[in-house]
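Engineer: Please work out how this folds:
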Amino acid sequence: MTAWQQLAASGILAPVDLRFAGYCHRLSGESDILALSAALLSCERADGNSCIQLTTLAGAPFPFDSTRLKPGQEPDVPNLPELGAWFKALERSELVGDGSRPTPLVLEDGRLYLYRYWKAERTISRGVADRLQPLPPPVNVALIGPFRNLFPDIGPEPDWQAAGALAALQRAFTIITGGPGTGKTHTVVRLLALLLQSDPSLRIALAAPTGKAASRLGDSISRQVDNLDVPPEIRAGLSVEVRTLHRLLGYRPRLDRFFHNASRPLPYDVVVVDEASMIDVLLMENLIRALTPRCRLVLLGDHEQLASVDTGFVLGDITRAAAVDQAHGKAFAEVYRQFTGFDIPSQEDPPPMRDSVVYLPRSRRFAGSSGIGRVSTAVRERNSRDVLAAFHDDLFRDIQLADPPTSVEASLEPVLDWLIQTIRAQTPEEALENFNKARILCARRNGIWGIENLNAAVERYLSRHNVAVGDSFYRGRPVLITRNDYWNKLYNGDVGICWPQAGRPRAWFQEADGALRDLPVSRLPSHETAWAMTIHKNQGSEFDHVLMFLPEAGHSLCNRELFYTGVTRAKKKLHLYAEENWVRSAVQNQTRRASGLTANLTRTSLPDP
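Structural biologist: Numbers count the residues shown, from 1 in each chain. Purely as a prediction, here's the structure:
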């Protein structure tokens, strides 16, 4: 049996992986190495990796996620080729190129890509690199007065919010990154006010990856604008509708294409995108292509959070290229001193990306008595000892750690009041308001602590309290949209509540302006019950109370990014079910998606895509 036959018979490949690898096997003249490479690339792309790094995989058994196997399944997998033989086979093959012409696979700097993802990464790298130089003319010193008015509390300690605004004033590409409550929206609203004072005709677009994130950004910006001391015309210029990225780019579902592209660029001078950690490599490629050369792009997000659901982790890759733990460049520090009168740490020769990425380290959401704040900081610092110490410290009343109960029903005890308040609401508005105060968060769909089992447990509990859960659209049932429906303006990740009107079941959703709209349940796109949801689906959300289930140690989802994202969804109270060794494992297990973006952006020049 050949290595390819052994892999094909192992049962670890999804049908799409098997078909693609088989196709490459036939085209390559039945080369086992090409078939193994194609299968691995397809598998890794499904796991979020843009490419595979040959030097880290050569000679090892074909990797697979053992948690996805059926009970008792022990697959017999072949070893991947040794490095030298692997390179030789790829370099000889007509299926593998260097990107100068379309080929199924691309080999670059020891990384093997599917051509589509190589091209996307190269487009992003070039689009970002072209925006790194300060925009001419230099920063307008006439803005120093308005700048100090908008950032009145600057002192000897570096004010990183002010630094973030200055970075975006100077450059056509900026990332402002930081955890919840660090002031990303605070910063960008003041940045936009400064830009409008320089040019009142400036065309601004605001966007986010999901409808829910767009709604939250709109609410946050409205609150910030209300507190600004700026002229009425500036305030009016800041009243911009927040849209999803798909809507901004003009997604055409029937063609599966975007209206705006390099030939029809977006008609804006500034584009601000929130929750950028959720943007996958293909969506970012489309956004970059749709910008005019002088359009400013400002990304807001938390690079410590989970990567996008799809392929790549663009925000994390770019932030790593910027080496945010190092000082900024001398020229940027001089502009900061000119505008503020104070200094920030600087160095002579920073990485090319350094002055385009500003990290906001201080969270204003959590007080010193906040266990949630202490845990999130310790997770970010990879300090499992401090994480567990916080959970055991009686000072922190807002956090609780417990081993998972013996029964799923018993695990619901911390949120029973929330369930009852939601189901006994008198109006859909009240039901949605109650529902959005808390959430049950899990890492996965299946298993005893997966969302399917927990949603079923919730409905068994409600049934015992006379809720007619046998009716698919019972009053108070929360629903999560799982597929974009542009005709009904419902998007993957939107959450609504089922509530009858005139005896007919309808679903109610909150608009970006806070108003509710309803539609017949027959018009709902693909959806599911949402008492319990995955942590991934709740990026960009915040709840007063979170009940969270951490995966067991050794599971691929037991990692720092998932733990951090789950913890930081909670504002006032966090109940965590996990054994202590699971917590230690999660804090120490960092997920890195294979990509060439970081390497590309540390170079001083790039070839054209």
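Engineer: which residue packs closest to residue 448, ignoring adjacent ones?
Structural biologist: By the measure of C-beta to C-beta, 6 or more residues apart in numbering, the closest residue to residue 448 outside its immediate chain neighbours is residue 408, 6.4 Å from it. Heads up, the C-betas are built off the backbone N, CA and C, glycines and all.
Engineer: Please verify my assumption that that neighbour contacts residue 453.
Structural biologist: Yes - using C-beta atoms under 8 Å, residue 408 is in contact with residue 453, at 5.9 Å.
Engineer: Comparing those two, which residue is more hemmed in?
Structural biologist: Here residue 408 and residue 453 are set side by side on neighbour count (other C-beta atoms under 10 Å), and the busier one is residue 408, at 19 against 16.
Engineer: Let me know the secondary structure of residue 222.
Structural biologist: In the three-state summary, residue 222 is assigned as helix, counting by DSSP: H, G, I helix; E, B strand; the rest coil.
Engineer: gap between it and residue 240?
Structural biologist: Using C-beta to C-beta, to the nearest Å, one gets 10 Å for the distance from residue 222 to residue 240.
Engineer: What of residue 140?
Structural biologist: Look at residue 140 and residue 240: by C-beta to C-beta, they are 22 Å apart.
Engineer: can you check residue 6 too?
Structural biologist: For residue 6 relative to residue 240 (C-beta to C-beta), the value is 57 Å.
Engineer: again, but for residue 330
Structural biologist: Distance from residue 330 to residue 240, counting by C-beta to C-beta: 35 Å.
Engineer: Among those two, which residue is more densely surrounded?
Structural biologist: Between residue 330 and residue 240, residue 240 has the larger neighbour count (other C-beta under 10 Å), namely 18 against 13.
Engineer: check contacts around the more buried one.
Structural biologist: With C-beta atoms under 8 Å, 6 or more residues apart in numbering as the criterion, the residues that contact residue 240 are 204-206, 221.
Engineer: And the pLDDT at it?
Structural biologist: Predicted confidence (pLDDT) for residue 240: 91.
Engineer: for it, helix, strand, or coil?
Structural biologist: Under three-state DSSP, the three-state class of residue 240 is coil.
Engineer: wait, residue 149 sits on residue 229?
Structural biologist: Yes - the pair formed by residue 149 and residue 229 meets the contact definition of C-beta under 8 Å, at 6.5 Å.
Engineer: between these two, who's got more neighbours?
Structural biologist: A count of neighbours by other C-beta under 10 Å puts residue 149 above the other of residue 149 and residue 229, at 14 against 11.
Engineer: what sits against the more buried one?
Structural biologist: Shown here is residue 149, whose contacts under the criterion C-beta under 8 Å, 6+ apart are residue 229.
Engineer: What values do phi and psi take at it?
Structural biologist: Comment: the main-chain dihedrals of residue 149 come out as phi -70, psi -40, following degrees, to the nearest 10.
Engineer: how close does it get to residue 34?
Structural biologist: Computed as C-beta to C-beta, the residue 149 to residue 34 distance reads 63 Å.
Engineer: now the nearest residue to residue 473 once chain neighbours are set aside: how far from residue 350?
Structural biologist: Closest residue in space to residue 473, ignoring its immediate chain neighbours: residue 505 at 3.9 Å, by C-beta to C-beta, 6+ apart. The span separating residue 505 from residue 350 equals 58 Å under the rule C-beta to C-beta.
Engineer: returning to what we had before: what about the contacts of residue 240, which are in helices?
Structural biologist: The helices in this structure, assigned by DSSP state H, contain residue 221 from these.
Engineer: For the contacts of residue 240, which two are the farthest from each other?
Structural biologist: Based on C-beta to C-beta, the longest span within those runs between 205 and 221 and measures 12.6 Å.
Engineer: Looking at those two, which has the bigger crowd around it?
Structural biologist: residue 221 (22 against 18).
Engineer: Residue 529 is in contact with residue 478, isn't it?
Structural biologist: Yes - counting by C-beta under 8 Å, residue 529 does reach residue 478; the two are 6.8 Å apart.
Engineer: of the two, who's got more company?
Structural biologist: Comparing residue 529 with residue 478 by neighbour count (other C-beta under 10 Å), the higher total belongs to residue 478, at 25 against 20.
Engineer: So what sits opposite the more buried one in the bridge?
Structural biologist: residue 497 (DSSP bridges).
Engineer: Quick check, it in contact with residue 530.
Structural biologist: Yes - under the criterion of C-beta under 8 Å, residue 478 is in contact with residue 530, at a separation of 4.2 Å.
Engineer: Touching both of these two, which residues are there?
Structural biologist: Joint contacts of residue 478 and residue 530 (C-beta under 8 Å, 6+ apart) are residue 495.
Engineer: returning to that earlier point: now intersect the contacts of residue 240 with the strands, please.
Structural biologist: Members of the contacts of residue 240 lying in strands (criterion: DSSP state E): 204-206.
Engineer: Closest one to residue 83 out of these, please.
Structural biologist: residue 205 (46.4 Å).
Engineer: how about the strands of the stretch 401-550 of the chain, start to end?
Structural biologist: Taking DSSP state E, counting those that start in this stretch, the strands of the stretch 401-550 of the chain run over residues 438-442, 478-481, 495-501, 504-510, 516-520, 527-529, 532-534, 543-549.
Engineer: mind showing which ranges of the stretch 351-500 of the chain have poor pLDDT?
Structural biologist: For the stretch 351-500 of the chain, the stretches with pLDDT under 70 are 367-368.
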